[in-house]
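K.L.:
Curious how this folds, go ahead:
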Amino acid sequence: MNKYILAFALILVVVATADARCKRQCQPNRPSPSVCIRERGTVNSCRRLRECRFREENCRLKSIGQPPLKKTSQSRCRNIQKDGSGLCAGRGKRSTKEERCNKLRCPAKKIVSCYRSKANNCRLMSNCQARRANCLRDSWNQIMITRRERCRGMKLGQKARQCRK
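P.N.:
So this is what the prediction gives:
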């Protein structure tokens, strides 16, 4: 029993001396930006705290031999109030370029034109199809509208062929 009391007292002494070595960072009337940290040992728990408090905590953890707290993206704490904790916000799903291009709205009236690529391939397509195709292409490789005669004999939706002269 005495061993446990002695070990507990030793831990208290270590914690007390550790806190004494770490200078107080936060001051009452001085603003400090908030940071977001991911709670260690949890799957999806985040905590928002002031930067000065973050430095104090890391100093205390370092002095007792624990790994320091690590910052995470501020957007993960967007649902957490000031100096609070809770579930981390999910990372917003980014839409791919193809998904963005397919969302382009097309008018009901289809205007069909002849379009030419840099490689001199022509294709008959609607203006909306051309906008979607250009959305997927790089700026240096855009298709351009050309004279209708260059697509003579082609049908709408057919794959690209060499342009006629």
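K.L.:
burial measure for Asp83, as a count.
P.N.:
11 (other CB atoms under 10 Å). Where you see a C-beta, it was placed from the backbone N, CA and C, and this is true even at glycine.
K.L.:
Now do the SS call for the closest residue to it other than its chain neighbours.
P.N.:
What sits nearest to Asp83 in space, not counting adjacent residues and going by CB to CB, 6 or more residues apart in numbering, is Leu49, at 5.6 Å. Three-state assignment for Leu49 (DSSP: H, G, I helix; E, B strand; the rest coil): strand.
K.L.:
Leu49 against Ser32, yeah?
P.N.:
No: using CB atoms under 8 Å, Leu49 is not in contact with Ser32, being 9.3 Å away.
K.L.:
So between these two, which is more surrounded?
P.N.:
Leu49 (22 against 15).
K.L.:
Beyond the helix or strand bottoming out on mean pLDDT in the chain, next helix or strand please.
P.N.:
When the helices and strands of the chain are scored by mean pLDDT, DSSP states H and E, helix 2-21 comes last with a mean of 57. On the C-terminal side of helix 2-21, the closest following helix or strand by DSSP states H and E is strand 34-38.
K.L.:
Find the residue ranges of this structure scoring beneath the pLDDT cut-off.
P.N.:
Low-confidence segments of the chain, defined by pLDDT under 70: 1-20, 92-94.
K.L.:
mind running it again at 80?
P.N.:
1-21, 25, 28, 40-43, 91-96, 107-109 (pLDDT under 80).
K.L.:
Where do the helices of it begin and end?
P.N.:
Listed in chain order, the helices of the chain (DSSP state H) span 2-21, 51-63, 97-102, 127-136.
K.L.:
tell me the domain ranges of this protein?
P.N.:
For the chain, automatic domain parsing gives the domain ranges 30-92, 97-162.
K.L.:
what would those domains look like in JSON lines with distance to Lys23?
P.N.:
Output for the domains of the chain, formatted as JSON lines (distance: least, CB to CB, whole Å):
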{"stretch": "domain 30-92", "distance to Lys23": "8"}
{"stretch": "domain 97-162", "distance to Lys23": "50"}
